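Visitor: Give me a model of this one.
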Amino acid sequence: MRYLMGIDNGGTYCKAAIFDEHGRQISVASASIENMTPKPGYTERDMEDLWRKNAEAIRKAIQKSGIDPADIISVSFSGHGKGLYMLKEDGSPAYNGILSTDTRAWEYVEKWFSDGTYKKVFKKSFQEIIACQPVSLLAWFRDHRPDILKETRHILSVKDYIRYRLTGRIYGEYTDFSGSNLLNLSTKSYDRELLSYFRLESIYDKLPPLLYSSDIGGYVTREAGKETLLPEGIPAAAGMFDVDACGIASGLVDEKQMCMIAGTWSINEFIAKEPITNGTVALNSLFCIPGYFLIEESSPTSAGNLEWFIRNLMSYEKEEAGTAGASVYDLANEWVAAIDPEDNSVIFLPFLNGSNEDALARGTFIGLTGYHNKKHMLRAVYEGIVFSHLTHVKKLLQNREIPASIRLSGGAAKSDVWVQIFADVLQIPVDVIEDKELGAQGAAMAAGIAAGIYKDYQEAVSRTVNITKTVYPRPEYKRIYEKKYQAYRNVINALSGSWESFID
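Guide: Okay, here's the model as predicted:
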């Protein structure tokens with residue numbers, strides 16, 4: 001039997017998973033990555049620690065699998081988009097890694113929108129400018145830490161950095177870089193004029209050569225093999241943006257389908273042969289299947305908000321559940337299921353890690369009274385996250401027909417009650433994909449193409465992707481959720497213009 005490994009680096013964990021060629025997940029291991037917030041709005045991580053944690057996860061996955069490591073024939077990668085990972089000439093980190101939840105560069109985005117830069121940029125990149133994109137962060141470094149930028153020789157994404165540590169080779173990759181505002185999407189190449197709009201002409205030579213997702217980006221070195229237990233010399237495919245990885249692992253191979261990922265980020269996507277350039281969607285990028293564009297609406301407003309709630313407001317319940325050998329998530333689902341949507345008027349804005357409404361917006365509960373308790377607040381968290389997804393989906397549906405169903409993955413897909421809320425709010429059937437590490441599986445598909453196991457992504461999907469269930473919307477909840485969503489929108493509109501008061 002031949003095996004493939006996918007390595008996925010998200011906002012809080014790195015995960016390594018081993019799959020057979022039929023997509024069966026043999027083992028998975030993860031390691032928690034410590035993120036640092038030295039100032040409000042900053043989200044960083046130590047890059048050497050990041051590599052150590054990846055090596056640890058890879059070793060554990062191999063040890064847990066019980067297979068002969070020599071049977072792993074290829075490896076590939078997925079990772080969070082945006083952010084910034086900079087290396088010096090000698091390959092050592094020039095600074096900490098910066099995540100996609102970092103908002104330190106928000107003022108640059110406001111300036112570029114107000115002075116007309118955005119309109120010029122959009123004609124080349126077909127995407128909005130956001131604070132966590134490399135262009136925004138690089139402009140911040142240019143003005144605040146020019147010494148770091150001067151020392152930087154290579155500008156990478158998170159997965160590119162991990163691939164470099166495994167292979168010793170420096171490459172970027174199209175799905176990530178095409179979503180960074182660093183690439184001209186018409187020419188599919190770097191563009192000095194585009195960089196000049198941001199006053200970043202000086203970084204042109206720091207940008208890496210680009211590969212497609214299933215291209216081979218090097219081979220596992222002897223040193224990396226010793227650290228990870230991976231066989232020396234196996235090919236490492238370039239990999240892809242985790243949004244692409246979850247999409248392809250959900251079976252996103254044609255224009256009829258639509259996917260949602262409810263993880264740290266709210267990701268909502270479909271693919272098309274042409275970009276959407278009418279300004280109704282935030283991001284166009286190159287999809288992992290050559291010839292397709294990824295049409296994406298996203299924000300850091302999804303299940304990461306639930307993690308905050310459990311950590312800060314359910315710590316006692318979490319400890320009690322752990323002692324009993326139970327899951328606090330099962331308890332959370334019980335709490336939410338016990339409250340009917342019409343019986344809870346509390347509104348939650350899921351903006352703890354950023355917003356799809358205003359760069360300065362903050363997480364907010366509205367409508368609390370002495371009657372309400374943590375259960376009502378938790379129900380509001382579940383619903384508020386779905387409402388944020390709905391805002392994105394409404395924008396996407398301005399440009400296409402309503403799909404027969406939407407495929408859902410991420411943490412929320414593991415909760416039956418939450419999936420039902422998604423279906424009821426959207427009034428569209430929701431397909432739940434087989435429970436496995438989809439980011440890692442999408443990467444493993446690219447590894448399989450690089451190794452010759454699959455001819456292309458279509459074959460990889462046909463052999464590996466399974467839908468476990470479809471949850472249908474309940475028509476009787478349509479009006480209830482329309483009213484609640486309107487209340488959610490009213491709160492956002494009422495707070496518009498007041499967020500600067502909360503800047504630390």
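Visitor: tell me, what residue is most central in this structure?
Guide: Centre of the chain computed as the mean C-alpha position; nearest residue by Cα atoms, centre = their mean is residue 80, 4.8 Å away.
Visitor: which residues touch the residue nearest to it when sequence neighbours are not counted?
Guide: Counting by Cβ to Cβ, 6 or more residues apart in numbering, residue 80 lies nearest to residue 100, which is 4.9 Å off, once chain neighbours are set aside. Glycine gets a C-beta too; all of them are placed from N, C-alpha and C. Counting by Cβ atoms under 8 Å, 6 or more residues apart in numbering, residue 100 makes contact with 11, 80, 81, 82, 83, 132, 265, 300.
Visitor: I'd like to know how far residue 25 sits from residue 294.
Guide: 25 Å (Cβ to Cβ, to the nearest Å).
Visitor: same check, this time on residue 80
Guide: 15 Å.
Visitor: Could you do residue 133 as well?
Guide: For residue 133, the distance to residue 294 - Cβ to Cβ - is 15 Å.
Visitor: so who does the residue nearest to the centre of the chain touch?
Guide: Residue 80 sits in contact with 9, 10, 11, 99, 100, 158, 242, 264, 265, where contact means Cβ under 8 Å, 6+ apart.
Visitor: Mark which of those residues are part of strands, please.
Guide: residue 9 (DSSP state E).
Visitor: Now a ChimeraX select for only the buried ones of the contacts of residue 80.
Guide: In ChimeraX, this line selects whichever of the contacts of residue 80 come out buried by 16 or more other Cβ atoms under 10 Å:
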select :9,10,11,99,100,158,242,264,265
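Visitor: ok so, going back, which member of the contacts of residue 100 is positioned nearest residue 452?
Guide: Nearest to residue 452 among the contacts of residue 100, counting by Cβ to Cβ, is residue 81 at 28.0 Å.
Visitor: OK, contacts around that closest one?
Guide: 100, 157, 176, 179, 180, 241, 242, 243.
Visitor: Enumerate every residue touching the residue nearest to it when sequence neighbours are not counted.
Guide: Nearest in space to residue 81, with sequence neighbours left out and distances taken as Cβ to Cβ, 6+ apart, is residue 241 at 4.6 Å. Listed by Cβ under 8 Å, 6+ apart, the contact set of residue 241 reads 78, 79, 81, 157, 175, 176, 179, 285.
Visitor: least confident pick among those?
Guide: Within the contacts of residue 241, pLDDT reaches its minimum at residue 81, with 91.
Visitor: tell me which element that one falls in.
Guide: Under DSSP states H and E, no helix or strand contains residue 81.
Visitor: now do the one 4 residues further on
Guide: Under the criterion of DSSP H and E, residue 85 resides in strand 85-87.
Visitor: What average pLDDT does that strand get?
Guide: The model assigns strand 85-87 a mean pLDDT of 98.
Visitor: what helices or strands is that strand leaning on?
Guide: Applying 3 or more Cβ pairs under 8 Å, 6 or more residues apart in numbering; DSSP states H and E, we find strand 85-87 packed against strand 154-156, helix 158-167.
Visitor: please redo it, this time with the cut-off set to 6 Å
Guide: For strand 85-87, the helices and strands in contact under the criterion 3 or more Cβ pairs under 6 Å, 6 or more residues apart in numbering; DSSP states H and E are strand 154-156.
Visitor: starting at the chain centroid, how far to the strand it packs on?
Guide: Offset of strand 154-156 from its chain centre (Cα atoms, centre = their mean, to the nearest Å): 19 Å.
Visitor: Relative to residue 185, how far out is the residue nearest to residue 81?
Guide: For residue 241, the distance to residue 185 (Cβ to Cβ) stands at 14 Å.
Visitor: With residue 233 instead?
Guide: With Cβ to Cβ as the criterion, residue 233 and residue 185 are 35 Å apart.
Visitor: Give me the more crowded residue out of these two.
Guide: More crowded of residue 233 and residue 185, by other Cβ atoms under 10 Å: residue 185, with 21 against 10.
Visitor: Which residues are in contact with the closest residue in space to the more buried one that isn't next to it in sequence?
Guide: Sequence neighbours aside, residue 126 is the residue nearest to residue 185 in space, at 5.1 Å (criterion: Cβ to Cβ, 6+ apart). With contacts defined as Cβ atoms under 6 Å, 6 or more residues apart in numbering, residue 126 is in contact with 185, 275, 277, 284.
Visitor: Perfect, that will be all.
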